[in-house]
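1. Have a look at this fold, sequence not included:
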Ligand SMILES: [Zn+2]
């Protein structure tokens, strides 16, 4: 297990109690992602259902506040933690003979579910990496993508919106791209409440997730501004605690809009200057303003600014990102490493990696170690084992200082793989 899950990630995972607001008419239930149930005279409107494993917990929490039938279920988007834990609600409807609820989603959500059908195993594999520290080994997968509740009301197109009234309360739904292409957010004027889905997640926006498809910084900023115009008093984020008071809601939406404009516009400016990714990336790190670094909602505890630079670059750029023709059809990295090792023995590189490590240049040390690790013919060589041990040590040190949960999991997953490899080497050694 990763030892470091900071306070912010406790909130992100919803490890805090359910609550109500607006005279108990809005029920806020955290279960990794948040569910918000609106209790009207004619029944419940539910914005987002949780991850399947927490479906019963969320159902029980909602039912501890209200016993009215569920009339609408809205998917903020079709990710596994927002659209799959509907089971107990539907079971109850069948048992009691109530009418089935309307299920509202954007048309791109239906495309997403179709994508899950063909890429189910791949997404399991991704999630086991992205959530390596909490998914454990051999546990059941978090998504059964083919078991989705089909939407009955579908928002179509780029500028779509939809509204309905239940029990005298108006519900206004809007589509904006951001984290996904199927995002829907909700404005309930009578309750002065906005439900954002994952457009706000109590961390720097999850915009450049290393495993995931393209995301949209400019559209994200525009969504924030449209939400801000509603002047809401409550903001239900996709993950994390309820945000209360007009000032705080406005501040969170404004700063998120601002940072998304910033990362978008600064990357675009550099693309127009004919710069390649590496230069853009390092320049962007230099110019990141203090006001964003310091703002609580932009802490890079899940997504982070570094990932956002990648996302923006990828939005407009192809995969040839170095400007060096050597990289167009490159050789295998193992072959390159072997050639470099032919020039000098592995122990020389290992010694140099140790020196870099002692100088605190951990990332450079990793690159040098990879020459030894990738290029070693002799799998029994002591130098290979020592290189792996140093790499393991460096990865674990990086985990300790890394803020982003996603980055931590990638580093930790790599460390575990090295541990396995070291055990295999030990076994081979014992056999010989
Ligand atoms: Zn989510």
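-> Nice, I can see it. Since this is a predicted model, take the numbers as computed values, not measurements.
2. residue ranges of the strands in the stretch 101-250 of the chain, please?
-> Along the stretch 101-250 of the chain, the stretches classed as strands by DSSP state E, counting those that start in this stretch are 102-106, 153-155, 161-166, 169-175, 184-188, 193-197, 234-237, 243-244.
3. and the last one, how far from the chain's centre?
-> Put plainly, it is strand 243-244. 22 Å (Cα atoms, centre = their mean, to the nearest Å).
4. what packs against it?
-> strand 234-237 (3 or more Cβ pairs under 8 Å, 6 or more residues apart in numbering; DSSP states H and E). The C-beta positions use only the backbone N, C-alpha and C, and glycine is treated the same way.
5. in its sheet, what does the strand it packs on sit against?
-> Here strand 234-237 is paired, per DSSP bridges, with strand 193-197 (parallel), strand 243-244 (antiparallel).
6. Out of those, which is the most enclosed?
-> strand 193-197 (a mean of 28; mean count of other Cβ atoms under 10 Å).
7. follow-up on the earlier one: I'd like the strands of the stretch 101-250 of the chain as CSV, with distance to the ion and mean pLDDT appended.
-> Below are those laid out as CSV (distance: least, Cβ to the ion, whole Å; pLDDT from 0 to 100):
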stretch, distance to the ion, mean pLDDT
strand 102-106, 15, 98
strand 153-155, 19, 97
strand 161-166, 22, 98
strand 169-175, 17, 98
strand 184-188, 13, 98
strand 193-197, 8, 98
strand 234-237, 10, 98
strand 243-244, 16, 98
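8. Dump the strands paired with strand 234-237 to CSV, plus distance to residue 300.
-> Below are the strands paired with strand 234-237 laid out as CSV (distance: least, Cβ to Cβ, whole Å):
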stretch, distance to residue 300
strand 193-197, 19
strand 243-244, 19
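9. circling back to that earlier point, got the strands of the stretch 101-250 of the chain as CSV, with distance to residue 412 columns?
-> Formatted as CSV, the strands of the stretch 101-250 of the chain follow (distance: least, Cβ to Cβ, whole Å):
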stretch, distance to residue 412
strand 102-106, 34
strand 153-155, 38
strand 161-166, 42
strand 169-175, 36
strand 184-188, 33
strand 193-197, 28
strand 234-237, 26
strand 243-244, 30
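10. and among those, the most buried is which?
-> Of these, strand 193-197 is the most buried (mean count of other Cβ under 10 Å), at a mean of 28.
11. thinking again about what came up before, right, so of the strands of the stretch 101-250 of the chain, which gets closest to residue 47?
-> strand 193-197 (4.4 Å; Cβ to Cβ).
12. what's the burial count for the nearest residue to residue 170 once chain neighbours are set aside?
-> Excluding the flanking residues, the one nearest residue 170 by Cβ to Cβ, 6 or more residues apart in numbering is residue 189, at 5.7 Å. Each residue near residue 189 was counted by other Cβ atoms under 10 Å, and the total is 13.
13. for residue 189, what are its contacts?
-> 170, 172, 230 (Cβ atoms under 8 Å, 6 or more residues apart in numbering).
14. Would you tell me which residues of the stretch 1-150 of the chain are close to the ion?
-> Counting by Cβ under 5 Å from the ion, the residues of the stretch 1-150 of the chain close to the ion are 33, 81.
15. So which residues of the stretch 1-150 of the chain form helices?
-> 7-12, 55-63, 87-96, 107-130, 132-135 (DSSP state H, counting those that start in this stretch).
16. Out of those helices, which gets the lowest mean score?
-> For the helices of the stretch 1-150 of the chain, the weakest mean pLDDT is recorded on helix 132-135, namely a mean of 76.
17. what's near enough to touch the residue positioned nearest the centre of the chain?
-> The C-alpha lying nearest the average C-alpha coordinate of the chain belongs to residue 206 (Cα atoms, centre = their mean; 4.7 Å). The contact partners of residue 206, taken as Cβ under 8 Å, 6+ apart, are 179, 198, 215, 302, 303, 307, 406.
18. which among these are in contact with the ion?
-> residue 198.
19. among the contacts of residue 206, which two are most distant?
-> Going by Cβ to Cβ, the pair spanning the contacts of residue 206 furthest: 198 and 307, at 14.3 Å.
20. which residues touch residue 24?
-> 39, 65.
21. hmm, I was thinking of residue 180
-> So residue 180 contacts 77, 78, 79, 108, 112, 198, 215 (Cβ under 8 Å, 6+ apart).
22. again, only using 7 Å
-> residue 77 (Cβ atoms under 7 Å, 6 or more residues apart in numbering).
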